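A.B. asks: coordinates only, sequence not included:
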């Protein structure tokens, strides 16, 4: 593990693979997860190593071994996107492919909008048409993270996120602060401005993501893959997800 300072946060990351030739790829994990759980334990590290691809996997602020402030203002989209670009600067990387999952997809899309010349191929996992739907009132995710007892959380999906966060030993107050961060939601008009060749992947039973094809149709150069039988939590480990990503990176995905 290595660390660097990005503004007011210390960011932990792994940088693995050949430094010469090819394109590096940045891996941005999901909410309440971290680089070891989202990518290493579920086989992505090994898959990229077998492909001899350099990959850079940070713990985003609020997660893993990175800083975990409890102030919602520390988690604006600008700061999360800024951390990713600061990591590229720290490693003297001008341009990279970017693979995000769930929360990580929003950071990846923010990178593509903020500085499109620094993003090559874009891969968005665990996201779909529900990206455009209004957020639930009252921030139930923050309430679930702050609940004293997990059995007090009535919604099964929220309870699953809370249980996952507890299993990872994450800072629940930091996660609650992240969900309260001020940011403008993505709109169809915004994603229509992303010119990059893009792959969007989500499970057929992912009620958080919705239809990946709906998001792909809103973008000028995107294609979608639906993972059969997968929900939000099981999609990341699916073999078809990995196969689709590497076919896309190789330029062979139909």
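C.D. replies: Here it is on my side, so go on. Bear in mind the structure is a predicted one, so any value in this text is a computation, not a measurement. Residues are numbered from 1 along each chain as shown.

A.B. asks: From the chain's centroid, how far away is stretch 144-163?
C.D. replies: With C-alpha atoms, centre = their mean, to the nearest Å as the basis, stretch 144-163 stands 22 Å off its chain's centre.

A.B. asks: same question, stretch 19-33
C.D. replies: Counting by C-alpha atoms, centre = their mean, stretch 19-33 is centred 10 Å from the centre of its parent chain.

A.B. asks: do stretch 177-186 as well
C.D. replies: Relative to the centre of its chain, stretch 177-186 is centred 15 Å away, using C-alpha atoms, centre = their mean.

A.B. asks: swap in stretch 191-201?
C.D. replies: 15 Å.

A.B. asks: Just the helices from this protein, written as ranges.
C.D. replies: 35, 44-50, 77-90, 103-114, 140-146, 156-168, 172-179, 188-191, 212-217, 239-250 (DSSP state H).

A.B. asks: for those helices, which one sits closest to residue 199?
C.D. replies: helix 239-250 (4.4 Å; C-beta to C-beta). The way it works is simple: take the backbone N, C-alpha and C, and place the C-beta from them, glycine included.

A.B. asks: where does the chain have low pLDDT?
C.D. replies: For the chain, the stretches with pLDDT under 70 are 136-137, 254.

A.B. asks: can you tell me which residues contact the residue nearest to the spatial centre of it?
C.D. replies: What sits nearest the mean C-alpha location of the chain, by C-alpha atoms, centre = their mean, is residue 104, with 1.4 Å. By C-beta atoms under 8 Å, 6 or more residues apart in numbering, residue 104 lies in contact with 27, 28, 29, 30, 38, 60, 125.

A.B. asks: From residue 171, how far off is the closest residue to it other than its chain neighbours?
C.D. replies: Spatial nearest neighbour of residue 104, excluding adjacent residues (C-beta to C-beta, 6 or more residues apart in numbering): residue 28 at 3.1 Å. Per C-beta to C-beta, to the nearest Å, residue 28 is found 19 Å from residue 171.

A.B. asks: Please say which of these two ends up with more neighbours.
C.D. replies: residue 28 (30 against 19; other C-beta atoms under 10 Å).
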